[in-house]
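In: based on what follows, work out the 3D shape:
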Amino acid sequence: MKFTIYLFAFILLSSFDAGPSYDAIGEFDIYRTNWALVQQDGLLGFINDKGEEVVSPQYSSIDMFGIEKDGWAKVKKDGKVRFINSKGQEI
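Out: Numbering: from 1, shown residues only. Modelled structure (predicted):
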C-alpha cells in the first residue's frame with residue numbers, strides 16, 4: 001500500500017512542469033513596468049510579474065527602453081543590433 005502511494009506521488013510530481021528555469025532573474029520594473037530581466041545560458045530576455053516569458057532569452061545584450069526611441073530597447077543578437085518594442089516584439 002505504501003509503495004502504491006509513493007509511486008502515485010512520484011508520477012504526479014514528475015508530470016508537473018514548473019516552466020523554464022533561469023540562471024538569473026533581475027529586479028522587476030527596472031527596464032519596464034512589471035518586467036524582469038532574465039538570463040539563461042548567457043542570453044537575456046524578459047518575464048512579466050506573472051512569471052510568463054515575454055521575451056525569450058536570445059539576446060547577448062539589452063539596453064534600457066527609451067534611450068534610442070520611446071518604447072523601444074536596443075538589443076544585440078548574433079552580432080547584429082536590433083530593437084524590441086514595449087510588447088517584446090522585434091522591430
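
In: make it CA atoms for all contacts and neighbour counts henceforth
Out: Noted.

In: what segments of this structure are helices?
Out: If DSSP state H is used as the criterion, the helices of the chain fall at 2-14.

In: point out where it drops to low pLDDT.
Out: 1-19 (pLDDT under 70).

In: could you rerun that using 90?
Out: Counting by pLDDT under 90, the chain has low-confidence residues at 1-20.

In: could you pull out the strands for it?
Out: Remark: strands of the chain, listed N- to C-terminal, are 24-28, 35-40, 43-48, 53-59, 61-62, 73-77, 80-84; assignment by DSSP state E.

In: could those strands go into CSV alongside distance to E90 and mean neighbour count?
Out: Below are the strands of the chain laid out as CSV (distance: least, CA to CA, whole Å; neighbours: other CA atoms under 10 Å):
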stretch, distance to E90, mean neighbour count
strand 24-28, 21, 14
strand 35-40, 16, 20
strand 43-48, 12, 21
strand 53-59, 10, 18
strand 61-62, 12, 18
strand 73-77, 9, 19
strand 80-84, 4, 14
